[in-house]
Structure formats: C-alpha cells, structure tokens
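1. below is the sequence, then the predicted model.
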Amino acid sequence: GGVLGARACQAGLEADRMVIRRVAMEKEGELAEVLDAVKRLEAASRKGKDELGDTAMLQKLTGKWRLIVTTGDQKGRKVTGGKLSYFPVKAVQEFNCDTMFIQNGVYVGPISFEFSGLMELLPKRRLEFFFNKVALGPLSIPVEIGKDAKVKPSFQWIEVNDDFALARGAGGGFGLWKRDLE
C-alpha cells in the first residue's frame with residue numbers, strides 16, 4: 001500500500017475519468033468498460049469522508065447539463081442489448097445550488113417540455129428533488145411530483161467536474177451529463 005499504492009489508485013481513477021469523459025464528449029465507449037469505470041469511481045466516492053470537498057464538488061453542478069447516457073437498471077440494460085444508451089433528443093438539466101432550483105427539459109426542434117421544482121443537497125453527495133411546475137412551450141401548470149413520495153427522486157453524485165457529471169439515480173441506473181455551453 002503506502003504512497004505508491006495511493007498513487008496507483010489515483011492514476012487508475014484518472015484513467016476511469018478519461019473513459020467517462022470520452023463518452024460524455026465524444027460518445028465513444030463500450031458498456032462493460034464504462035460500467036467498470038463507474039463502479040471504481042463510485043467506490044472511491046463512498047470511501048471519502050470529506051464533506052467540505054463533497055459540498056464544493058456539488059456546487060459545480062450550478063449551470064446547465066446535457067444528458068448523454070442513461071443506463072436504467074439491469075432489466076433496462078438487457079433491452080438495449082448491453083450497449084450504451086445515448087439519449088436520442090436534447091435533454092438538459094439545470095441546477096442552481098444557490099436558489100435550489102432544478103429543471104429537466106426535453107427539446108425537439110421548437111418544442112420544449114420542462115419540469116421544474118426544488119432540490120435539496122444532502123450529505124454524502126445526495127441530491128433529492130421534486131417538481132412543482134410542468135411546461136409545454138409557453139403553457140405551464142402547477143403539479144406536485146415527488147414531493148410527498150416515500151422515496152424521493154434523487155441522484156447520488158459520483159463525480160462532478162468542469163466537463164461531466166456522473167450520478168446514480170434512485171432506480172439504480174446511472175446518468176452521465178456534459179456541461180451544456182449553448
């Protein structure tokens with residue numbers, strides 16, 4: 001172990017980040033390789049007990065993120081034939097860690113479909129949320145989605161950096177986003 005073991009572990013995690021970054025930025029990667037990288041990054045994220053570091057990492061969420069890949073649960077992976085499921089339309093999530101605002105939007109040409117609401121940042125990189133408004137283009141209606149759920153919709157953040165955000169959802173699958181600069 002010691003210093004050499006720690007350096008080897010950091011080098012391995014950096015290689016895993018490169019695998020995830022390549023998928024986020026270039027949409028290139030094999031499912032098995034990506035799942036292995038996610039598992040190792042997730043295990044490393046659980047080991048750390050650095051609440052200040054976790055909070056600083058989650059603050060990087062503020063902004064817009066384009067959904068690149070989702071993997072659903074194991075049943076869902078069987079449906080995709082063991083391939084990465086790249087999101088077929090423009091889907092953007094927006095987070096504001098100051099106001100605790102969250103918005104999910106799907107955009108097809110001129111049509112927008114958006115859910116917006118509030119989020120809460122919790123210890124151990126957990127983010128829970130609920131939606132209180134749904135909008136289709138300029139029309140919106142108040143809703144209550146997830147607010148009183150026994151298990152709130154949530155993300156367990158594995159990694160958030162300047163290029164990508166990686167999280168496991170409440171359903172067990174993971175999502176990968178890249179920062180949306182548009």
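-> The structure has been received and is ready for your questions.

2. where do the strands of the chain begin and end?
-> Here the chain has its strands, by DSSP state E, at 63-70, 85-86, 90-96, 101-108, 111-122, 126-136, 139-145, 154-160, 164-169, 174-179.

3. quickly, which of the ones you listed bottoms out on average pLDDT?
-> Of all these, mean pLDDT reaches its minimum on strand 85-86 (a mean of 83).

4. what are the contacting residues of it?
-> For strand 85-86, contacts defined as Cβ atoms under 8 Å, 6 or more residues apart in numbering pick out 27, 68, 69, 70, 71, 72, 76. C-beta coordinates here come from the backbone N, C-alpha and C atoms, glycine included.

5. before we move on, what about stretch 32-40?
-> When contacts are defined by Cβ under 8 Å, 6+ apart, stretch 32-40 is touched by residues 12-13, 15-17, 19-20, 23, 69, 71, 82, 84, 158, 166, 174.

6. one step back: and the contacts of strand 85-86, which two are furthest apart?
-> Within these, 27 and 76 form the most distant pair, 18.8 Å apart (Cβ to Cβ).

7. what is the neighbour count of the closest residue to residue 111 other than its chain neighbours?
-> Nearest non-adjacent residue to residue 111, counting by Cβ to Cβ, 6 or more residues apart in numbering: residue 137, 6.5 Å away. Other residues lying near residue 137 total 10 when counted by other Cβ atoms under 10 Å.

8. same question for residue 28.
-> Per other Cβ under 10 Å, the neighbour tally for residue 28 reads 10.

9. where does the closest residue in space to it that isn't next to it in sequence sit relative to residue 161, distance-wise?
-> Spatial nearest neighbour of residue 28, excluding adjacent residues (Cβ to Cβ, 6+ apart): residue 22 at 5.3 Å. Distance check for residue 22 against residue 161: by Cβ to Cβ, to the nearest Å, it reads 14 Å.

10. how many neighbours does the closest residue to residue 21 other than its chain neighbours have?
-> Counting by Cβ to Cβ, 6+ apart, residue 163 is the residue found nearest to residue 21 once chain neighbours are left out, at 5.4 Å. Residues near residue 163, counting by other Cβ under 10 Å, number 14.

11. list phi and psi for residue 163.
-> Backbone torsions of residue 163, given as degrees, to the nearest 10, read phi -100, psi -40.

12. ok, it - contacts?
-> So, once contact is read as Cβ under 8 Å, 6+ apart, residue 163 ends up touching 21, 24, 25, 178, 179.

13. can I get the strands of the chain in JSON lines with distance to residue 43?
-> Shown next, in JSON lines, are the strands of the chain (distance: least, Cβ to Cβ, whole Å):
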{"stretch": "strand 63-70", "distance to residue 43": "20"}
{"stretch": "strand 85-86", "distance to residue 43": "23"}
{"stretch": "strand 90-96", "distance to residue 43": "25"}
{"stretch": "strand 101-108", "distance to residue 43": "27"}
{"stretch": "strand 111-122", "distance to residue 43": "20"}
{"stretch": "strand 126-136", "distance to residue 43": "17"}
{"stretch": "strand 139-145", "distance to residue 43": "32"}
{"stretch": "strand 154-160", "distance to residue 43": "9"}
{"stretch": "strand 164-169", "distance to residue 43": "12"}
{"stretch": "strand 174-179", "distance to residue 43": "13"}
